[in-house]
Structures are given as C-alpha cells and as structure tokens.
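Novice: Mind folding the following:
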Amino acid sequence: MTTLTDQDLILQLKTGDRQATAVIYQRYFPMVAAYVQQNSGHAADAEDVFQEVMLVLIQKIQAPDFVLTASLKTYLYAIARNSWCKRLRDNHLLLPGTDLPEDAGMPDLFPEPPATAQLQGWLARITDNCKRILKALFFYQQPMALLAQKMGWKNKHTADNQKYKCLQQLRKAALEK
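Specialist: Below you'll find the predicted structure:
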C-alpha cells in the first residue's frame, strides 16, 4: 500500500479523482472536527466546515498559478479555521475584538512575522477596552457607527474621542521600551 504525498493528492483532485477526496477526508477531517468542536461547534458544524474546506481547496487548485507552499494539513487547517471563525462572527457568537480560543492541537503552524509580534506586545500594554475597540475597528473592519452602538456611546463624537484615546495609548506603548 503506497502513501500518497500532498502533491499526488492535489494532482488527483485536479483530475476529479474521488479516491483523493476520500483520502483527504480520512486524513484531515478528524483535525477539522476537533478544532470546530473545541471552539463551540458540533459534529454537524464540523462536517459543514470540512465541506467548505474541500470546496475552497478544489477551487484554489484549479488556478494555473496555484503552488502549495505549506503542507496540505496546514493549508486545510488554515481554511477550516478561517471558515469557522467567519461563521462564528456572522452568527454573532464571536464578538469583534475578542480573541479566538487557542488552536486545538496545531501550535506554531503560522509563526507571526516580527511586526505582528511587536504589535501584539504593544496591544498587551493597553487597556482591555482599548484593545477591544482597536481590534474591532482595524482587524475586524467594524464601522464606527456599529461600534458606537455596541459600546453604548451617545454619538459619533464620543466614538471618535474613544478611538483617539486608544490610539494614543497604543502610540505610547510603542514608544516605551
């Protein structure tokens, strides 16, 4: 019995081979199911997410310039994580500005570039409220009006002042050594 490599599986998927789909399901569905279930999901959610993962994978590999730069496991995990997090946000189960739970069984797959690690250090030095505000605005692209409503601010002026104060905290944290 030969073990198919990631590249073999991708080539077979490109040709529509159902065997490759079965192998991918057998190898990687348990990882996706564990992640979804450890992050507020159910078995049915995991099946839906894995279906989305397969659709994205098949769509991506059809591009003539597709190159797999990580292992297939890492690539599928990233798609699953993004898909599940989007679903949580869309269903308002994950609030903008909140951190996602720790990744289940996949430590350090995506090491942060130095600039991101530095930003995380700065964010660690500001208040939780400002962290929530800045993440909602800049990471989750939440409109200021919606954020103002969620935070219970009276008007846009108050919201702008809060944003300014939080940016000042971040600047101060960045300047401190």
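Novice: domains in this protein, as residue ranges please.
Specialist: 6-90, 114-175 (automatic domain parsing).
Novice: Switch the ones you listed over to JSON lines; also include mean pLDDT and mean neighbour count.
Specialist: All C-beta spots, glycine's among them, are computed from the backbone N, C-alpha and C. Shown next, in JSON lines, are those (pLDDT from 0 to 100; neighbours: other CB atoms under 10 Å):
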{"stretch": "domain 6-90", "mean pLDDT": "89", "mean neighbour count": "16"}
{"stretch": "domain 114-175", "mean pLDDT": "83", "mean neighbour count": "14"}
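Novice: what residues are up against the closest residue to residue 71 other than its chain neighbours?
Specialist: In space, and not counting its chain neighbours, residue 71 is closest to residue 6: 6.1 Å by CB to CB, 6 or more residues apart in numbering. Shown in contact with residue 6 (CB atoms under 8 Å, 6 or more residues apart in numbering): 68, 71-72.
Novice: So which of the residues you listed are in helices?
Specialist: residue 72 (DSSP state H).
Novice: Format the contacts of residue 6 as TSV; extra columns: distance to residue 86.
Specialist: Below are the contacts of residue 6 laid out as TSV (distance: CB to CB, whole Å):
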residue	distance to residue 86
68	22
71	23
72	21
